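K.L.:
no sequence for this one, just the structure:
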Ligand code: GDG
């Protein structure tokens, strides 16, 4: 392994480094790796490729010096000022791009100042990548916060192999076209050799946007970009492949955790604490308007009202992890959700029988695994979601082949998890029927579905995803010959 600060062969660039600073009792600072599938996947591919992860360490002001995490990952922090976090991250990334890329569920906000910060921060990331990459290295850029990085890195370091992966959907051109900076974003992405998306529909949307907004041509999943807007083949002409490489989770790691005696015991204890109901309905989401929490609560409330379900026999648990609370749309969502939970509980709970247990908190991985095991019906009902890892985590934790997954057709996961109980969350009547069907189907039918779901996630796990992505990047088409 190279010493920290040396040039490396594989560079991952993502908005956030996978660590959090924790201050010990004696006042010393330590960096704790934040657990998650992406980190696990990167650890496995970076271990044998001398990798460095470039990203923000989570605190504003001067960046810490590059360091090695306890997991062995080399980390290279990028500095962000408080104003940049506000304008580049909370503003442009989460209040301009996020709503546009998620079907404009809420109205996007456009500010030229935010765009300018986005450009500045993308330039800083690109410069850092260019500084740490060894000759001919591979660069893997992640997500919507860094869409200008591929072209900026290519300008600085034409010798590098550059890929980008979008964790969220790529919108239809009709919505993408609203962005005042649409061409700059497309040109930024076209600096890459390979662009990975969650679904082939997302890749298709990107290719169509290039054709319509840049007059690029395409053949299959390859965009031919002339390198100039005048239709002539310029010196920067390139071929860029855009295809689906759906992300997954660390199946073996999570299944092992779910099988530990502690997690199994905790799952039983959770059911006891909920009053030993016959059926537990569960939702686990970041508190985000894309996740369909309001639609889900509407359906649950109506099921109580219709008398199809009643506490304490049936109870529901909603974990809504705090998220982006400085963005107005998220504060508004929180008060709507909490109003709905209050109304449902006011009408349908009794002493000793709560209709909706609502938890606006975040939990450790063990507790999440126990909750998944304790749930009979998992409700994953986003209005739009790039993939949705919660759905995959739930089936991974059900090593007993029990439980049932209700899954929105508007998630990337729905393309893969065909054996789930599929729903359209906008159709409240249909959603109620699907929940009831998932509750009432016999154990044989449910086990058959769960086995198929688990087979899929076991095979297409996050390690396979990372390998597939890097292969696609390696074999992406080269620059076109000029004539
Ligand atoms: C984006 C895309 C895509 C949640 N609460 C807690 C907690 N979580 C974990 C879940 C899961 C992750 O966070 C959330 O992942 P999702 O996929 O559900 O959604 P996003 O955060 O929106 O992620 C999404 C994903 O990127 C990956 O490409 O699937 O479509 O929007 O792993 O378990 N984990 C812990 N405590 C919590 O309270 N420990």
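P.N.:
Looks like it arrived, so ask away. These numbers come from a predicted model, not from an experiment.
K.L.:
touching, residue 151 and residue 190? I think so.
P.N.:
Yes: with contacts counted by C-beta atoms under 8 Å, residue 151 reaches residue 190, the gap being 6.6 Å. In short, each C-beta sits where N, CA and C put it, glycine included.
K.L.:
stretch 9-17 and the ligand in contact?
P.N.:
No: judged by C-beta under 6 Å from any ligand atom, stretch 9-17 makes no contact with the ligand; its nearest approach is 10.9 Å.
K.L.:
show residues contacting that stretch.
P.N.:
38, 42, 45-46, 49-58, 75, 77, 89, 93, 125, 128-129, 132-134, 137-143, 145-146, 149 (C-beta atoms under 8 Å, 6 or more residues apart in numbering).
K.L.:
quick one: that stretch to chain centroid distance?
P.N.:
Relative to the centre of its chain, stretch 9-17 is centred 16 Å away, using C-alpha atoms, centre = their mean, to the nearest Å.
K.L.:
check stretch 72-82 too.
P.N.:
Computed by C-alpha atoms, centre = their mean, the chain-centroid distance of stretch 72-82 equals 20 Å.
K.L.:
how about stretch 88-107?
P.N.:
With C-alpha atoms, centre = their mean, you get 14 Å for stretch 88-107.
K.L.:
repeat for stretch 273-280
P.N.:
How far stretch 273-280 lies from its chain's middle: 30 Å, per C-alpha atoms, centre = their mean.
K.L.:
can you give me the helices in the stretch 201-350 of the chain?
P.N.:
Listed in chain order, the helices found in the stretch 201-350 of the chain under DSSP state H, counting those that start in this stretch are 251-259, 261-273, 293-306, 328-348.
K.L.:
deepest-packed of the ones you listed, please.
P.N.:
Comparing these by mean neighbour count (mean count of other C-beta atoms under 10 Å), helix 293-306 comes out on top with a mean of 20.
K.L.:
show me which positions of the helix or strand containing residue 187 end up buried.
P.N.:
Assignment of secondary structure by DSSP states H and E places residue 187 within helix 182-189. For helix 182-189, burial by neighbour count (16 or more other C-beta atoms under 10 Å) applies to 182, 184, 185, 186, 187, 188, 189.
K.L.:
is the next helix or strand after that helix anywhere near the ligand?
P.N.:
Next helix or strand after helix 182-189 toward the C-terminus (DSSP H and E): strand 194-197. No: using C-beta under 6 Å from any ligand atom, strand 194-197 never reaches the ligand; the gap is at least 10.5 Å.
K.L.:
again, but for stretch 155-165
P.N.:
No: using C-beta under 6 Å from any ligand atom, we find that stretch 155-165 stays clear of the ligand, coming within 8.1 Å at best.
K.L.:
let's test this: mean pLDDT of that stretch, rounded?
P.N.:
When pLDDT is averaged over stretch 155-165, the result is 97.
K.L.:
can you check stretch 278-288 too?
P.N.:
Here the average pLDDT along stretch 278-288 is 97.
K.L.:
contacts for it?
P.N.:
Residues contacting stretch 278-288 (C-beta under 8 Å, 6+ apart): 271, 274, 291, 293, 296, 300, 309, 313-324, 330, 333-334, 337, 360, 368, 371-372, 374-382, 390, 394, 435, 439.
K.L.:
buried ones only from the residues you listed, please, as a PyMOL command.
P.N.:
The buried residues among the contacts of stretch 278-288 can be selected in PyMOL (16+ other C-beta under 10 Å) with this line:
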select buried, resi 271+274+291+293+296+300+309+314+315+316+317+318+319+320+323+324+330+333+334+337+368+371+372+374+375+376+377+378+379+380+381+382+390+394+435+439
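K.L.:
and the residue nearest to residue 33 when sequence neighbours are not counted, how far is that from residue 92?
P.N.:
Excluding the flanking residues, the one nearest residue 33 by C-beta to C-beta, 6 or more residues apart in numbering is residue 71, at 5.0 Å. Taking C-beta to C-beta, to the nearest Å as the criterion, residue 71 is separated from residue 92 by 31 Å.
K.L.:
so which of these two has more stuff around it?
P.N.:
Between residue 71 and residue 92, counting by other C-beta atoms under 10 Å, residue 92 is the more crowded of the two (27 against 16).
K.L.:
contacting residues for that one?
P.N.:
Applying C-beta under 8 Å, 6+ apart, the residues contacting residue 92 are 111, 114, 115, 117, 118.
K.L.:
how about residue 73?
P.N.:
Residue 73 neighbours (C-beta under 8 Å, 6+ apart): 18, 33, 39, 42, 43, 46, 51, 53.
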